Structure formats: structure tokens, C-alpha cells
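S.K.: can't give you the sequence, but here's the structure:
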DNA sequence: TTTTTTTATGCACACGATTGCGGTAACGAT
DNA sequence: ATCGTTACCGCAATCGTGTGCATAAAAAAA
């Protein structure tokens, strides 16, 4: 069925030379006559020869492939990260193998297993929400496998992290709301076991403190799922139960922010006149919704590309993971749109 | 540095048996004593043995890896497709190698090259906007490589397609707008060289015809980029230049639909009271924007999973591509929300 | 012509796993 | 004692490529 791919041996047979000569000729090794090189290259062209990367991988114990493990592909942020990863990997001649864990620890572990079988040169990981123990990662690190974590990063030694300055982003967002005259600011937080959530909450608290606004525990709500429905429900309840009512929402992600806006509208409040809202991530839809949603932008593409550059440098031993800064922190940017600016 | 992965030979050496015995013991071949099997498996466990998939690929000329080529990762529709692909591939024990072409033909070709070097077992492709000649694909097909195209499919022989019923979706959307009392319906079409665009336009025209509404060429506008800015601009112009003004917009994608809505609002029209809008794709944000956007849903996850099932069946020779239906058409579903329903 | 040097090429093995075939014990039967 | 059978297991080749070492031929030096 399948027309066999031409191999070095085929070229060798056609030209009545040994396969080692062909191999060397193709790579312009010294010690091969120009005449032979020419003939070999011609024949390679003619037979449509393509080196077998599998055989090469076996020989060199290098696959020129990196494994990417993320919670979900269908997520604007992660898809931009993937885009950044793919871009850099491609330009540097590496393949990208992708698996999503769907936030399951078991899936995370089995993905690593198959990737190890496939001799990945390194890993890019954002771990699942279920993951609380990082044995499976630190074991790999100890065995010398390069791993760069991004977005969600574990606190284990030897790893390199690429993250955004969640603290500063949350601080800026909260500060902005305060400066717009809002003072009873709710924080719709993310799962507290994720460091990013903790950092954002810390930024929120610090900004309040900075401006002399007391932190009220009842204004800090954990949204475990981060969906718009969840945020909608929580927001509706808060608006009813707390008095005086909250006058602003700083959400851990844009989806939750949208849920909050809807709930506010349903409750008869105008955004941003009555209630200000700021999200986090700067998803695509932020600029096209009405009112447009202010959000803290985290450049997913740069996270992906930066993490990949570091990983490949590590793989190619251009850097030493023990001597460089273990955390790369990219800056966030608060994009102020209509949802948070009182007119 | 890297702790070497244990190989079959390591197990063999430890146990003073041959590597072939180890191989057979691990696979429960007959002709190996239970005692030996037990010892081999114990040692494998102890040494943390993991079969080297690369070596296996070389031996069997099978990599258990499929190559996915898509225009862009950062695109809600494609990310859902990827999710479907990944899900099926993982459950059937295959790896997924991903590349994006960024709509460039050159990138598409070079991706195929590296994938061929890496001995992919098959391909899933949605080609770039630049691609008008399909030589590079038909060549592969002739060589016996399985390729399943999805969403954007070429008209070449031997390929299998997985697409959605764009025609029916567009027809339903247009019909719905007509039944809501709209009659001067603009179609913001996609690039006319893509078959999906042609089909949607055909559905639009047929629905008009069905209800006795004359087709006006000035109401059919091609949006080559499909961005909200582009649609915004075009819509604003149409509202000014055409008299009597259009009273509805059926957009080729949701982003364009959002641009149209914004333009309508800016021009002082209310959606859906004055102007009805329907999009295509059912992106995530459709339900959370205001007014919520009616859209034709195309189930990306199912497209991805279906295409992958077919591809793997083909690879594993469970199906014969010459005898089965070359096109799998998945149904679309019109989701009616507020943007198109007159109150 | 003989010896040395250069040039060009081939041999053989390695990478890790699989597998057809052959070999060697042990045991029972004749 | 000899043969046949059975149960286990090892040898060696294979997949495609790269590379150290040997080697042959050719050219240069003596």
C-alpha cells in the first residue's frame, strides 16, 4: 500500500556505494569527493529522500520534541500560550506534542508516562487543579529532565517558572477601582490552592490597605469553577445579602466578570455608573462586549514563547538551570475600558 | 546528568538472561516459564523500566502519532476541534503533534515535511487561506498516507472530509430572520475561495428565494478577514449608503456579528428591535454578551473527535477509504438568542 | 622502485525492541 | 541406551542512521 520512503540504503544501492558514504556525503563531511557528494545529493533528490527522524532519535537519544501538558485547550488563555509555544518550537526545529489533562491528576500522570516513553527532550507544564502533590514532577527533575512550568507553578526545587505578575495586576486593578470612587469592592477569587489565586488576592488586599480601605472578609468570595453562571449566582446573592451593597467587582477571570455584570444588570444596577467591574486575563471578547470590560492583560503568547525559549536553551545546554533565576515574571497590563470608568 | 532510562538489556543483565527472553516475558509470550516472567516483571518494576517508543516506532514503522495541521490555535472553533482530537487520540493510545500554519502556505508545506520525517501515521488537516493548490496533499494521499480533512476541505480524490452542514445552518439562520419579520438581510460572507463560505452564501440565497425575497447583490458583502473591526466598518457604511436601510445581518462568524452589532448601536439602532443579527460558530461569548447573540452552532469537539476516529480506523485498517462515504457531514444547530428575536 | 602520505571509501557496531529459527536440557517411552 | 517430545531460552538479524577505525587506491616523496 504505502510507497516506502527512500532510505540511505536505497541511495547507496543505486549508486553502488556504502551507506556510510551516503550519510557523510549528505552532511558534507570532509573526506568525500565532490563528485560523490554531487551524485549522492542528486540521487537523494530524485528518490525524494527524507531522513528518518525516528532512527535519528534512537541513535542520538534525542527526539527534538517537547511535551506540553495543560489543563484545557479550549481556554482563550491557554490557546494563546500554545500559540507562543508552537511558534518558538517550530522556528527552532522542535515538534510539539500536546496533551490536556482536563484538570485530572490521573490524566496528568499517564500523559507524563507516555511522553517519557516517547523520549521527550523536555516538558512545558501547567498542572491540573487536582494536583497537590508534585512527586511525579520532582522525580523527573531529579532524573535530569528539563521542565519549565508556566502559569500554575509548583513550589519544588529545580524547576523553572514562567509566570505573570499576578500581584501587581490585581493591585493595579483594585487601585484603579478605588480611584474611580468605588470602595466596597468584592473580589471574586480563584481556587485558593492555586498560587496565582493567592497572589491576586494579596494584590487586592494590599491595594485596599494602601488606600485605607478596610478589608472585609465577606467581600472576598472564592469562585472554584470560574464560570459565568457561578459568578452570576454569587453576585446576585451578595447584592442582596450585604448592606450597604458592594459597588464594584474585581473578578479572578473575565468569564466570572461577565457573570457579575449580568447579575448586576438583572438586579437593576447600571455598569459602570452604579457598579464597576474589572476582570483578569483580557480575553478576546473584552473589547466587544457592552459595556466593554476592563481587564488585566496577561500576554499568553509571550508566556508560551518565553517558557519555550528557556526550555530549549536548557535542553541545548545553553543555560544552566542551577545558576539562572528560577522564576521569570512577566508584567501584566491593566486595560481600562468602560466597565470600570464612571462617566 | 540524566539518569539513563532502564532498557530491556539492563533487565537481562541483572537477571542473567537474554534480552529476547525479557521481551517475551514482559509481553506474556508462551514458552516462558512463569517463574522467569515473575522475576522479569519484578525487575522491570524495580528498575522503573519503560519501553522505548522510539525504538518500537523504528522497528514497526509505526509511530502511534498523528499530525494535526490547522491555521490557528487561538481561535475558539479550532481549539474545540483540537480538544476533540486530543481526547480521542489519547484514549486510543496515540500522540498528537500540533502545528499551526498562521494561514501561510509555506508553513503548511514545511510542516508536512517535518511531520513526514517524524513518521506520522496519519494527518488531520484544515488548510490555510493561502492554499489554492493541493498537490502537496494529493501526493501524500497517493503515497498511501491517511489524511482526514475537516472544516476546510479540498476537492481532491482519495481524501475523507469531516464538515458541518454549512448550507443548512445558513439556511436556517436566514429563514429564522425572515420569520422574525426581517426582509432586507445583509450577509457578511467569508472569503469566497473557501467552500464553507460558498455553502453558507448558498444557504442564505436559497432561504431568501424560498420566501420570495429577491436577492440583492449589494446586500452580499465579502469580509475577507472576518474581524469585528472589518465588520464594524462595512456595516456602518452599508447603513448609510443603502436605502432603505438593511434591517438584519447574517454574519459568517460571530466576531463579525459582534462588529455589526456595535456598528448598529453606534448608528443609533437597537438590536434586535430595529435590526436583527445572527452569527455563525457559537463562540463562547455568544451567551454572555448583551444582547446575547443568536448563532449557528457547529460542534467543534465532535468534528475533531469524529475526524480522529475515522483517521485512526483508517490507520488501523478497520475501514477502507475507498469504500466508505468520503464526506461526513455533521448537523449544525441554530441557537436562537436575543439578538434576532423581536420583542 | 620503494616508501610514505593523502584521499576516499567501506566495515562493523551502536541505539532499543522484536521475532523467526535453532539449540539444549530434562523427561518419558521404547 | 537411544530416540522423540516438550518446555525454555538464546542467537542473530532487523528497522535507519551515524561514526570510529581500518583499508584500499592513488598520489607524492624518497
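M.R.: Looks like it arrived, so ask away. Computed from a predicted model, the values in this text were never measured in an experiment.

S.K.: so how far is DNA strand C from residue A:341?
M.R.: Here the criterion is CB to the nearest atom of the strand, to the nearest Å. By it, residue A:341 lies 62 Å from DNA strand C. C-beta coordinates here come from the backbone N, C-alpha and C atoms, glycine included.

S.K.: Next, the contact list for that residue, please.
M.R.: Under the criterion of CB atoms under 8 Å, 6 or more residues apart in numbering or on different chains, the neighbours of residue A:341 are A:180, A:272, A:276, A:294.

S.K.: Number of residues surrounding the second one?
M.R.: Taking other CB atoms under 10 Å in any protein chain shown as the neighbour definition, residue A:272 ends up with a count of 24.

S.K.: Quick check: it touching residue A:337?
M.R.: No - in this structure residue A:272 lies outside contact range of residue A:337 using CB atoms under 8 Å: 9.3 Å.

S.K.: Need the residues touching each of these two.
M.R.: Overlap of the contact sets of residue A:272 and residue A:337 (by CB under 8 Å, 6+ apart) consists of residue A:291.

S.K.: Closest to residue B:255 out of the contacts of residue A:341?
M.R.: Nearest to residue B:255 among the contacts of residue A:341 is residue A:294, at 20.4 Å by CB to CB.

S.K.: how about the helices in chain A?
M.R.: A:8-15, A:19-26, A:34-46, A:53-60, A:76-91, A:105-117, A:135-142, A:166-179, A:195-210, A:228-241, A:254-266, A:300-315 (DSSP state H).

S.K.: do the first one and DNA strand D meet?
M.R.: Yes - applying CB under 7 Å from any atom of the strand, one finds helix A:8-15 touching DNA strand D at A:8, A:9.

S.K.: near DNA strand D, which residues of the stretch 51-200 of chain A?
M.R.: A:51, A:52, A:55, A:56, A:58, A:59, A:60.

S.K.: what about the third one, distance to residue A:94?
M.R.: If you measure residue A:55 against residue A:94 using CB to CB, to the nearest Å, the figure is 18 Å.

S.K.: The two: which has the busier surroundings?
M.R.: For residue A:55 versus residue A:94, the count of surrounding residues by other CB under 10 Å is larger for residue A:94: 21 against 16.

S.K.: I'd say the more buried one and residue A:65 touch.
M.R.: Yes - Residue A:94 is within contact range of residue A:65, at 6.4 Å (criterion: CB under 8 Å).

S.K.: Need the overlap of contacts for these two.
M.R.: residue A:121.

S.K.: how far out from the middle of the chain is stretch A:84-91?
M.R.: 13 Å (CA atoms, centre = their mean, to the nearest Å).

S.K.: So chain A: which segments form each domain?
M.R.: What automatic domain parsing lists as the domains of chain A is A:8-51, A:63-164+A:300-330, A:166-298+A:334-340.

S.K.: Now tabulate these in a markdown table and tack on mean pLDDT.
M.R.: Below are the domains of chain A laid out as a markdown table (pLDDT from 0 to 100):
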| stretch | mean pLDDT |
| --- | --- |
| domain A:8-51 | 90 |
| domain A:63-164+A:300-330 | 94 |
| domain A:166-298+A:334-340 | 94 |
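
S.K.: Could you provide those domains in JSON lines, with additional columns for distance to residue B:42?
M.R.: Rendered in JSON lines, the data for the domains of chain A read as follows (distance: least, CB to CB, whole Å):
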{"stretch": "domain A:8-51", "distance to residue B:42": "40"}
{"stretch": "domain A:63-164+A:300-330", "distance to residue B:42": "19"}
{"stretch": "domain A:166-298+A:334-340", "distance to residue B:42": "37"}
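
S.K.: Spatially, what comes nearest to residue A:185 if we skip its sequence neighbours?
M.R.: Excluding the flanking residues, the one nearest residue A:185 by CB to CB, 6 or more residues apart in numbering or on different chains is residue A:248, at 4.3 Å.

S.K.: Spit out the contact partners of the residue lying closest to residue A:304 once chain neighbours are set aside.
M.R.: Among residues not flanking residue A:304 along the chain, residue A:84 sits closest, at 2.6 Å (CB to CB, 6+ apart). Shown here is residue A:84, whose contacts under the criterion CB under 8 Å, 6+ apart are A:300, A:301, A:302, A:303, A:304, A:305, A:306, A:307, A:308.

S.K.: try it again with 6 Å
M.R.: By CB atoms under 6 Å, 6 or more residues apart in numbering or on different chains, residue A:84 lies in contact with A:301, A:304, A:305.

S.K.: which ones are touching residue A:132?
M.R.: Contacts of residue A:132 (CB under 6 Å, 6+ apart): none.

S.K.: Show me what from chain A comes close to chain B.
M.R.: A:1-3, A:50-51, A:53-55, A:57-58, A:73-74, A:79-80, A:82-83, A:86, A:95-98, A:100, A:116-119, A:143-144, A:228, A:258, A:285, A:288-290 (CB under 6 Å from any CB of the partner chain).

S.K.: ok, the residue of the stretch 101-250 of chain A found nearest DNA strand D to residue A:65 distance?
M.R.: Nearest to DNA strand D, among the residues of the stretch 101-250 of chain A, is residue A:119, at 13.1 Å (CB to the nearest atom of the strand). From residue A:119 across to residue A:65, the span is 8 Å (CB to CB).

S.K.: swap in residue A:304?
M.R.: 16 Å.

S.K.: the more surrounded of those two?
M.R.: Set residue A:304 next to residue A:65 and count neighbours by other CB under 10 Å: residue A:304 wins out with 28 against 23.

S.K.: Tell me how many other residues crowd the closest residue to residue A:39 other than its chain neighbours.
M.R.: The shortest distance from residue A:39 to any non-neighbouring residue, by CB to CB, 6+ apart, is to residue A:15 (5.9 Å). Using other CB under 10 Å as the criterion, residue A:15 is surrounded by 16 other residues.

S.K.: Name all residues that make contact with the nearest residue to residue A:201 once chain neighbours are set aside.
M.R.: Using CB to CB, 6+ apart and skipping the chain neighbours, the partner closest in space to residue A:201 is residue A:189 (5.2 Å). When contacts are counted by CB under 6 Å, 6+ apart, residue A:189 touches A:197, A:201, A:222, A:252.

S.K.: change it to 10 Å
M.R.: A:170, A:197-198, A:200-201, A:204, A:220-224, A:226, A:250-252, A:256 (CB atoms under 10 Å, 6 or more residues apart in numbering or on different chains).

S.K.: which of the residues of the stretch 51-200 of chain A next to DNA strand D count as buried?
M.R.: A:52, A:55, A:56, A:58 (16 or more other CB atoms under 10 Å in any protein chain shown).

S.K.: Taking those, tell me the two that lie furthest apart.
M.R.: A:52 and A:58, at 9.4 Å, using CB to CB across those.

S.K.: And residue A:286, how close does it get to residue A:338?
M.R.: 10 Å.

S.K.: Sorry, wrong one. I was asking about residue A:288.
M.R.: Separation of residue A:288 from residue A:338 (CB to CB): 12 Å.

S.K.: So between the two, which is more surrounded?
M.R.: residue A:288 (20 against 17).

S.K.: Show the pLDDT at residue A:1.
M.R.: Reading off the confidence values, residue A:1 has pLDDT 44.

S.K.: ok, the residue nearest the centre of chain A - contacts?
M.R.: Central residue of chain A (CA atoms, centre = their mean): residue A:81, 4.4 Å from the mean position. Under the criterion of CB under 10 Å, 6+ apart, the neighbours of residue A:81 are A:68, A:70, A:75, A:124, A:126, A:150-151, A:162, A:298-305, A:307-308, B:73-74.

S.K.: check contacts around residue A:196.
M.R.: Residue A:196 sits next to A:151-153, A:163-164, A:166-167, A:169-170, A:190, A:252, A:280, A:298 when contact means CB under 10 Å, 6+ apart.

S.K.: my guess is residue A:103 meets residue A:128, correct?
M.R.: Yes - proximity of residue A:103 to residue A:128 meets the contact threshold set by CB atoms under 10 Å, at 4.5 Å.
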